[in-house]
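> Need a 3D model of the sequence below.
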Amino acid sequence: MLTLSSVHYRYQQDWMTFDAKIAPGEIVAVLGPSGAGKSTLLSLIAGLIAPDSGEIAINGKPVTTTPAHQRPLSILFQEHNVFTHLSVFDNMAIGLSPSLKLTASQRDSIHRAAHAVGLTDYLSRLPGQLSGGQRQRIALGRSIARNQPLLLLDEPFSALDPALKKDMLALVKRTAQEQGTTVVMVTHHPEDAQAIASEFLYLDNGQVRLHCPVETLETPPAIMQGYMGKTDEE
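As a prediction, this is how the structure comes out:
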């Protein structure tokens with residue numbers, strides 16, 4: 001369970017307030033217009049920024065003041081976040097051990113993750129020898145190997161071509177279901193939410209305005225019609 005209780009954050013002169021409860025194992029998309037607070041919400045959950053008040057809890061344990069690196073989660077950004085001087089294997093391994101000193105169990109986890117993301121044959125290569133899509137798979141493989149209860153996605157596949165993005169979203173859904181991972185995914189594209197999410201949050205002006213089953217997007221509520229490009233006359 002991911003819980004945000006009256007989480008307040010001041011951005012410049014504006015206040016954002018987030019309240020949400022996300023059940024374990026759910027894949028939840030975060031939608032909303034630019035500037036609505038989507039990336040801010042993920043940054044608060046990840047511990048990259050601190051709220052002014054309120055509480056964030058993961059599986060019942062408060063993490064509001066827990067340093068980012070100690071929170072039980074992984075996060076993927078638009079940038080690949082790979083180290084160009086490290087092999088594919090070591091790029092995944094660094095998520096388990098910054099010293100790259102691995103146990104046999106950790107090495108097995110990396111090999112399983114590499115297989116899941118289709119990089120088994122590339123483990124000895126450097127990122128510069130791979131395509132952009134393959135480099136993004138390194139970051140996803142690292143998250144799979146870490147096997148944390150919460151995975152945050154901040155539009156990590158937005159720069160990929162449609163076919164590859166579809167494959168990556170399907171991979172996230174499959175591995176999340178296999179590992180029982182809760183996923184919170186920021187996206188500008190409702191079709192991405194419909195592809196893998198069970199629920200969505202709709203943010204506007206720094207607040208969660210809706211928390212609905214993803215099927216609701218087929219007939220969006222009035223509050224979303226401008227965002228979805230629909231009007232009452234259509």
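> quick one: the strands in this protein?
For the chain, the strands defined by DSSP state E cover 2-11, 14-22, 27-31, 53-58, 61-62, 73-76, 150-154, 182-186, 199-204, 207-213.
> Show me which positions of the last one end up buried.
Residues of strand 207-213 classed as buried under the neighbour-count rule (16 or more other CB atoms under 10 Å) are 208, 210. All C-beta spots, glycine's among them, are computed from the backbone N, C-alpha and C.
> Give me the angle between it and strand 199-204.
On the basis of axes from the mean of the first three to the mean of the last three CA atoms, to 10 degrees, strand 207-213 is oriented at 160 degrees to strand 199-204.
> now strand 207-213, how far from the centre of its chain.
Relative to its parent chain, strand 207-213 has a centroid offset of 17 Å by CA atoms, centre = their mean, to the nearest Å.
> by contact count, what packs against that strand?
strand 14-22, strand 199-204 (3 or more CB pairs under 8 Å, 6 or more residues apart in numbering; DSSP states H and E).
> which of the ones you listed sits most buried?
Counting by mean count of other CB atoms under 10 Å, strand 199-204 has the highest mean neighbour count of the helices and strands packed on strand 207-213, with a mean of 23.
> Please produce a markdown table containing the strands of the chain, extended by mean pLDDT and distance to residue 166.
A markdown table is the format used below for the strands of the chain (pLDDT from 0 to 100; distance: least, CB to CB, whole Å):
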| stretch | mean pLDDT | distance to residue 166 |
| --- | --- | --- |
| strand 2-11 | 95 | 26 |
| strand 14-22 | 95 | 24 |
| strand 27-31 | 97 | 15 |
| strand 53-58 | 97 | 29 |
| strand 61-62 | 96 | 35 |
| strand 73-76 | 92 | 17 |
| strand 150-154 | 94 | 15 |
| strand 182-186 | 96 | 14 |
| strand 199-204 | 96 | 18 |
| strand 207-213 | 96 | 22 |
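> could I get those strands as TSV with distance to residue 103?
What follows is those, written out as TSV (distance: least, CB to CB, whole Å):
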stretch	distance to residue 103
strand 2-11	29
strand 14-22	32
strand 27-31	30
strand 53-58	25
strand 61-62	25
strand 73-76	19
strand 150-154	23
strand 182-186	26
strand 199-204	36
strand 207-213	40
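> that older thread, between the helices and strands packed on strand 207-213, which one is closest to residue 1.
Across the helices and strands packed on strand 207-213, residue 1 has its closest neighbour in strand 14-22 (6.7 Å, CB to CB).
> Just want the angle from the closest one to strand 53-58.
Counting by the same axes, to 10 degrees, strand 14-22 lies at 30 degrees to strand 53-58.
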